[in-house]
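Peer 1: Sharing a model prediction with you, sequence too.
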Amino acid sequence: MSPRPRRTGRRGASRVWSPAALEEPGMRTLVLGLGNSIVRDDGLGLVVAEQLAQQVGVDLCSGRVAGLALLDCVAGYDSVIMVDATLTGVDAPGTIRSTDLSIPTARPAPRSRHGWTIPDVLVFGRHAGVDLPSKIVVYTMEAGDMSDFGEGLSPQIEAAIPGMVRRIVGEQFSEPQRDPMAQ
(Lines give C-alpha, C1' and ligand atoms only; values in the text may rest on other atoms or scores of the structure.)
Protein backbone atom coordinates (compact mmCIF):
# COMPACT_ATOMS: atom_id res chain seq x y z
CA MET A 1 0.00 0.00 0.00
CA SER A 2 1.46 3.38 -0.94
CA PRO A 3 1.54 6.41 1.35
CA ARG A 4 -1.34 8.83 1.00
CA PRO A 5 -0.82 12.59 1.08
CA ARG A 6 -1.80 14.31 4.30
CA ARG A 7 -2.45 17.92 5.17
CA THR A 8 -0.06 19.69 7.47
CA GLY A 9 -0.08 23.25 8.63
CA ARG A 10 -2.87 25.66 7.79
CA ARG A 11 -2.99 27.61 4.56
CA GLY A 12 -4.31 30.69 6.33
CA ALA A 13 -1.47 30.65 8.84
CA SER A 14 1.26 30.44 6.23
CA ARG A 15 4.00 33.02 6.65
CA VAL A 16 4.97 32.71 2.99
CA TRP A 17 2.97 34.12 0.11
CA SER A 18 2.47 31.85 -2.90
CA PRO A 19 1.98 33.72 -6.19
CA ALA A 20 0.73 30.55 -7.88
CA ALA A 21 -2.04 30.19 -5.31
CA LEU A 22 -3.28 33.71 -6.08
CA GLU A 23 -3.04 33.32 -9.85
CA GLU A 24 -4.87 30.00 -9.87
CA PRO A 25 -7.38 29.67 -7.00
CA GLY A 26 -7.60 26.09 -5.79
CA MET A 27 -4.13 25.15 -7.02
CA ARG A 28 -3.00 22.04 -5.17
CA THR A 29 0.67 21.61 -4.28
CA LEU A 30 2.26 18.49 -2.83
CA VAL A 31 5.64 18.20 -1.17
CA LEU A 32 6.93 14.65 -1.64
CA GLY A 33 9.74 13.62 0.69
CA LEU A 34 11.60 10.54 -0.49
CA GLY A 35 13.95 8.42 1.58
CA ASN A 36 14.38 6.08 4.49
CA SER A 37 14.73 7.47 8.00
CA ILE A 38 16.74 4.49 9.27
CA VAL A 39 19.52 4.81 6.69
CA ARG A 40 21.16 7.95 8.10
CA ASP A 41 21.33 10.71 5.44
CA ASP A 42 18.83 8.94 3.17
CA GLY A 43 16.19 10.42 5.48
CA LEU A 44 17.01 14.04 4.59
CA GLY A 45 14.17 14.25 2.05
CA LEU A 46 11.69 13.30 4.76
CA VAL A 47 13.00 15.97 7.15
CA VAL A 48 13.02 18.74 4.52
CA ALA A 49 9.55 17.81 3.23
CA GLU A 50 8.07 17.86 6.74
CA GLN A 51 9.56 21.30 7.43
CA LEU A 52 8.31 22.65 4.09
CA ALA A 53 4.80 21.29 4.60
CA GLN A 54 4.58 22.85 8.06
CA GLN A 55 6.06 26.20 7.02
CA VAL A 56 4.16 26.68 3.75
CA GLY A 57 0.97 24.74 4.53
CA VAL A 58 0.85 22.35 1.57
CA ASP A 59 0.06 18.63 1.41
CA LEU A 60 2.77 16.14 2.36
CA CYS A 61 3.49 12.61 1.17
CA SER A 62 6.66 11.01 2.43
CA GLY A 63 8.36 7.69 2.84
CA ARG A 64 9.90 4.99 0.74
CA VAL A 65 7.81 5.78 -2.33
CA ALA A 66 9.22 4.14 -5.45
CA GLY A 67 8.21 2.87 -8.84
CA LEU A 68 4.59 3.06 -9.87
CA ALA A 69 3.49 3.86 -6.28
CA LEU A 70 4.77 7.37 -7.01
CA LEU A 71 1.73 7.89 -9.26
CA ASP A 72 -0.65 7.34 -6.33
CA CYS A 73 0.96 10.21 -4.43
CA VAL A 74 1.19 12.80 -7.21
CA ALA A 75 -2.05 12.16 -9.14
CA GLY A 76 -4.49 15.06 -9.02
CA TYR A 77 -2.00 17.73 -7.91
CA ASP A 78 -1.17 20.82 -9.96
CA SER A 79 2.37 21.13 -8.62
CA VAL A 80 4.75 18.69 -6.90
CA ILE A 81 8.05 19.40 -5.19
CA MET A 82 10.09 16.24 -4.58
CA VAL A 83 12.95 16.20 -2.09
CA ASP A 84 15.50 13.38 -1.92
CA ALA A 85 19.05 12.47 -1.01
CA THR A 86 21.56 11.59 -3.69
CA LEU A 87 24.99 10.00 -3.52
CA THR A 88 26.93 10.78 -6.68
CA GLY A 89 30.39 10.99 -5.18
CA VAL A 90 30.96 14.02 -7.41
CA ASP A 91 29.61 16.80 -5.19
CA ALA A 92 30.49 17.60 -1.60
CA PRO A 93 27.95 16.48 1.01
CA GLY A 94 25.32 19.20 1.44
CA THR A 95 25.40 20.31 -2.22
CA ILE A 96 21.86 21.09 -3.42
CA ARG A 97 20.66 20.58 -6.97
CA SER A 98 17.27 21.03 -8.63
CA THR A 99 15.77 19.55 -11.78
CA ASP A 100 12.52 20.42 -13.54
CA LEU A 101 10.69 17.25 -14.60
CA SER A 102 7.55 19.03 -15.77
CA ILE A 103 7.66 17.87 -19.38
CA PRO A 104 8.82 14.27 -19.77
CA THR A 105 7.88 13.10 -23.26
CA ALA A 106 9.84 9.97 -24.22
CA ARG A 107 8.31 6.56 -23.65
CA PRO A 108 10.05 4.55 -20.92
CA ALA A 109 12.12 1.54 -21.90
CA PRO A 110 10.52 -1.73 -20.79
CA ARG A 111 11.97 -2.95 -17.49
CA SER A 112 10.94 -4.06 -14.04
CA ARG A 113 8.65 -1.58 -12.25
CA HIS A 114 11.12 -1.70 -9.38
CA GLY A 115 13.91 -0.24 -11.52
CA TRP A 116 12.10 2.68 -13.15
CA THR A 117 13.43 6.18 -12.68
CA ILE A 118 11.13 9.04 -11.68
CA PRO A 119 10.99 10.35 -15.29
CA ASP A 120 10.13 6.82 -16.52
CA VAL A 121 7.23 6.60 -14.06
CA LEU A 122 5.94 10.06 -15.02
CA VAL A 123 6.06 9.29 -18.73
CA PHE A 124 4.26 5.99 -18.12
CA GLY A 125 1.63 7.81 -16.05
CA ARG A 126 1.05 10.41 -18.75
CA HIS A 127 0.64 7.71 -21.42
CA ALA A 128 -1.69 5.76 -19.11
CA GLY A 129 -3.92 8.82 -18.66
CA VAL A 130 -3.09 9.54 -15.01
CA ASP A 131 -3.93 13.14 -13.97
CA LEU A 132 -0.36 14.27 -13.31
CA PRO A 133 0.91 17.67 -12.16
CA SER A 134 1.88 20.22 -14.78
CA LYS A 135 4.81 21.34 -12.60
CA ILE A 136 7.24 18.87 -11.03
CA VAL A 137 10.53 20.00 -9.51
CA VAL A 138 12.99 17.66 -7.81
CA TYR A 139 15.45 18.98 -5.23
CA THR A 140 18.32 16.74 -4.16
CA MET A 141 21.09 17.10 -1.63
CA GLU A 142 24.34 15.17 -1.82
CA ALA A 143 24.39 12.89 1.20
CA GLY A 144 27.36 12.01 3.34
CA ASP A 145 26.36 8.69 4.92
CA MET A 146 23.88 6.39 3.19
CA SER A 147 25.61 3.10 3.94
CA ASP A 148 25.00 2.80 7.68
CA PHE A 149 21.75 1.89 9.37
CA GLY A 150 20.75 4.31 12.08
CA GLU A 151 18.35 7.12 12.73
CA GLY A 152 19.35 10.74 12.47
CA LEU A 153 21.27 12.69 9.89
CA SER A 154 25.02 13.23 9.88
CA PRO A 155 26.03 16.58 11.45
CA GLN A 156 27.07 18.00 8.07
CA ILE A 157 23.70 17.23 6.46
CA GLU A 158 21.76 18.33 9.55
CA ALA A 159 23.50 21.71 9.29
CA ALA A 160 22.64 22.02 5.57
CA ILE A 161 18.88 21.33 5.97
CA PRO A 162 17.84 24.94 6.83
CA GLY A 163 19.60 26.21 3.69
CA MET A 164 17.76 23.71 1.53
CA VAL A 165 14.41 24.67 3.06
CA ARG A 166 15.17 28.39 2.48
CA ARG A 167 16.18 27.74 -1.13
CA ILE A 168 13.02 25.77 -1.93
CA VAL A 169 10.77 28.35 -0.25
CA GLY A 170 12.59 31.15 -2.08
CA GLU A 171 12.37 29.47 -5.47
CA GLN A 172 8.91 27.94 -5.24
CA PHE A 173 6.81 29.90 -2.74
CA SER A 174 8.14 33.44 -2.36
CA GLU A 175 6.61 36.55 -3.82
CA PRO A 176 8.44 37.60 -6.98
CA GLN A 177 10.41 40.82 -6.65
CA ARG A 178 8.76 43.71 -8.45
CA ASP A 179 10.74 46.41 -10.21
CA PRO A 180 9.76 49.71 -8.50
CA MET A 181 10.58 51.59 -11.72
CA ALA A 182 8.23 49.46 -13.85
CA GLN A 183 4.90 51.03 -14.75
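Peer 2: Yes, it's here. Numbering: from 1, shown residues only.
Peer 1: Tell me where this protein has helices.
Peer 2: Under the criterion DSSP state H, helices of the chain are mapped to 19-23, 44-56, 69-74, 118-127, 155-172.
Peer 1: Dump those helices to CSV, plus mean pLDDT, mean neighbour count and distance to Ala85.
Peer 2: No exception for glycine: its C-beta is placed from N, CA and C like everyone else's. What follows is those, written out as CSV (pLDDT from 0 to 100; neighbours: other C-beta atoms under 10 Å; distance: least, C-beta to C-beta, whole Å):
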stretch, mean pLDDT, mean neighbour count, distance to Ala85
helix 19-23, 38, 13, 26
helix 44-56, 94, 24, 5
helix 69-74, 88, 20, 16
helix 118-127, 86, 19, 14
helix 155-172, 96, 16, 8
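Peer 1: Could you dump those helices into CSV with distance to Glu142 added?
Peer 2: Output for those, formatted as CSV (distance: least, C-beta to C-beta, whole Å):
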stretch, distance to Glu142
helix 19-23, 28
helix 44-56, 10
helix 69-74, 22
helix 118-127, 17
helix 155-172, 9
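Peer 1: Tell me which of the ones you listed approaches Gly89 most closely.
Peer 2: Evaluated over the helices of the chain, closeness to Gly89 peaks at helix 155-172, with 15.2 Å, by C-beta to C-beta.
Peer 1: Helix 44-56 and that closest one, what's the angle between them?
Peer 2: Per axes from the mean of the first three to the mean of the last three C-alpha atoms, to 10 degrees, the angle that helix 155-172 makes with helix 44-56 is 50 degrees.
Peer 1: what sits up against helix 155-172?
Peer 2: Helix 155-172 is contacted from outside by 16, 41, 44, 47-48, 51-52, 55-56, 81, 83, 93-94, 96, 98, 137, 139, 141, 143-145, 152-153, using C-beta atoms under 8 Å, 6 or more residues apart in numbering.
Peer 1: what's the closest of the helices of the chain to Leu34?
Peer 2: Among those, helix 44-56 comes nearest to Leu34, with 4.5 Å by C-beta to C-beta.
Peer 1: so what's the closest residue to Trp116 other than its chain neighbours scoring on pLDDT?
Peer 2: The shortest distance from Trp116 to any non-neighbouring residue, by C-beta to C-beta, 6 or more residues apart in numbering, is to Gly67 (5.6 Å). According to the prediction, Gly67 has pLDDT 77.
Peer 1: Quick one: distance of stretch 150-157 to the chain centre.
Peer 2: Put simply, stretch 150-157 sits 19 Å off its chain's centre (C-alpha atoms, centre = their mean, to the nearest Å).
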